[in-house]
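*Asks:* kindly generate the corresponding structure for this input.
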Amino acid sequence: MYIRDVSPPRSSPIEKGTPIFGTWTRPFDDVDLISIKHPFHFPTMKWIKNLRVKEWQTFHVQNDTYFLLAVLTNVKYYRLAQVFLWNKEIRERLIFRKALPFGAWKLPRSLSNSSITSSSYGFYLRIHDWLDADLIELDLDIEPNRKRPSFTAHLEFDFSQLKTTPLVTCLPFSDRRCMYNYKAMVPVRGDIVFGGKHVSLSLNTTFGMFMDYKGYFPYRMRQTWCTGHGYHNDGRPFGFSVVESQTKDSFRYNENGLWLAGQLTPLPPVRITMPEGPDSDWVIQDLEGMVDLIFTPKEPIKTGFDFFLTRSEYIAPFGIYNGMLQTKDGEKINLRNVWGTGEQIYLRV
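*Replies:* Below is the predicted model:
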């Protein structure tokens, strides 16, 4: 059985200019990766370090009918907002992408009580990270165009319902370069309005995964995520998020987690393979017998973005998971047609 050390709470993953690698179950008060001393092999000015730190927040929301994925990214050279909505019953989708050069939003260093707002032509965004009140809010307002109806959403991630234990990590790319991640699965309430439809989301039937990232990611970044949530045989909600990335020493340090009724199980490193490409089955397995999944894409989503010398390729199909997960207590969760997403990104910036 895989066991990962969980460190005592601390205010920051940086101590005297040095990153502290590990896993925690409480958020940091401040995540300032620019305060790391000498993250590269040569002296680096603060503004250059700032350009190398990439950050984003991801919101997964799902009920019996709809699956929403929103990703708000800041790679410093540009900001990118992506919103995907999928109706699982009638196989209807809505896709929105908005790129903003340079300026626009900067994601906060703390999740305790901070907010960002961005308004541009045809698009409004507001995120209120308020973990002091066990709440994270997301507001989106997108104007219609010839191919897409208007879209408005107000979502509240309620961390008080299940007393969810979050997964907080600081993972090494090298001795001085790292990435930080916070993630948790919680009930969600809110409203979505699009194309003349009004969808109300209730805490009893809607769950979501919130993720916060910052890091000195490699110039050529490659990362693959698998995320899903559903219900155990006895009705308890569960969710998981596993990743294959470029971090070092992934047996000791990784961001893989499973939540069952709010209780966290840190998972071992996994290997994610696509024998016939990303449009066919994805195989997700570990070496400890805790993760054995097949992800079958049902709705392919592929986007690409070029800006000067940078390149972004993003594959994020909606699909279903089948297989098995195991908690730290040895309890097995059998997955049968559990909805989720797979995400594969290549970022050169």
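*Asks:* please name the nearest non-neighbouring residue to residue 99.
*Replies:* Excluding the flanking residues, the one nearest residue 99 by CB to CB, 6 or more residues apart in numbering is residue 80, at 5.2 Å. From N, CA and C alone the C-beta is placed, and that goes for glycine too.
*Asks:* which element, helix or strand, includes the one you found?
*Replies:* Assignment of secondary structure by DSSP states H and E places residue 80 within strand 78-87.
*Asks:* what is the helix or strand following that strand packed up against?
*Replies:* Note on strand 78-87: by DSSP H and E, the next helix or strand toward the C-terminus is strand 92-101. Helices and strands touching strand 92-101, by 3 or more CB pairs under 8 Å, 6 or more residues apart in numbering; DSSP states H and E, are strand 78-87, strand 114-120, strand 302-307.
*Asks:* now find how far off-centre strand 92-101 is within its chain.
*Replies:* A distance of 17 Å separates the centroid of the chain from that of strand 92-101, by CA atoms, centre = their mean, to the nearest Å.
*Asks:* just confirm residue 49 is within a helix.
*Replies:* Yes. Residue 49 forms part of a helix when assessed by DSSP: H, G, I helix; E, B strand; the rest coil.
*Asks:* which SS class is the residue lying closest to it once chain neighbours are set aside?
*Replies:* The spatial neighbour of residue 49 that comes closest, neighbours along the chain excluded (CB to CB, 6+ apart), is residue 34 at 5.0 Å. Secondary structure assignment for residue 34 (three-state DSSP): helix.
*Asks:* follow-up on the earlier one: quick check, pLDDT for the residue nearest to residue 99.
*Replies:* We have a pLDDT of 90 for residue 80.
*Asks:* got it, and residue 105?
*Replies:* 71.
*Asks:* residues touching the helix or strand of the chain at the bottom of the mean pLDDT ranking, excluding its own?
*Replies:* Counting by mean pLDDT, DSSP states H and E, the chain has its least confident helix or strand at strand 302-307, which shows a mean of 83. When contacts are defined by CB atoms under 8 Å, 6 or more residues apart in numbering, strand 302-307 is touched by residues 77-78, 80, 82, 97, 99, 101, 311-316.
*Asks:* tell me the least confident of these?
*Replies:* residue 101 (79).
*Asks:* neighbours around the nearest residue to that one once chain neighbours are set aside, how many?
*Replies:* Sequence neighbours aside, residue 78 is the residue nearest to residue 101 in space, at 5.0 Å (criterion: CB to CB, 6+ apart). The tally of other residues near residue 78 (other CB atoms under 10 Å) stands at 19.
*Asks:* just want the angle from the least confident helix or strand of the chain to strand 78-87.
*Replies:* Inter-element angle recorded for strand 302-307 and strand 78-87: 170 degrees (by axes from the mean of the first three to the mean of the last three CA atoms, to 10 degrees).
*Asks:* buried residues in strand 302-307?
*Replies:* Using 16 or more other CB atoms under 10 Å as the test for burial, strand 302-307 gives residue 305.
*Asks:* got it, and stretch 19-39?
*Replies:* Applying 16+ other CB under 10 Å to stretch 19-39 flags 19, 21-24, 26-28, 31, 33-36, 39 as buried.
*Asks:* surely residue 213 touches residue 56?
*Replies:* Yes. Contact criterion CB atoms under 8 Å: residue 213 and residue 56 qualify, at 5.2 Å.
*Asks:* overlap in contacts of those two?
*Replies:* Common neighbours of residue 213 and residue 56 are not found (criterion: CB under 8 Å, 6+ apart).
*Asks:* so where's the stretch 1-150 of the chain uncertain?
*Replies:* Along the stretch 1-150 of the chain, the model assigns pLDDT under 70 to residues 103-104.
*Asks:* neighbours of the residue nearest to residue 327 when sequence neighbours are not counted, just the number please.
*Replies:* Sequence neighbours aside, residue 265 is the residue nearest to residue 327 in space, at 4.6 Å (criterion: CB to CB, 6+ apart). When neighbours are defined as other CB under 10 Å, residue 265 has 23 of them.
*Asks:* just the one 5 residues further on next, same as before
*Replies:* Neighbour count of residue 270, defined by other CB under 10 Å: 23.
*Asks:* likewise the one 3 residues further on?
*Replies:* Using other CB under 10 Å, residue 273 has 11 other residues around it.
*Asks:* need the three-state assignment for the residue lying closest to residue 140 once chain neighbours are set aside.
*Replies:* In space, and not counting its chain neighbours, residue 140 is closest to residue 153: 4.6 Å by CB to CB, 6+ apart. Following three-state DSSP, we place residue 153 in the strand state.
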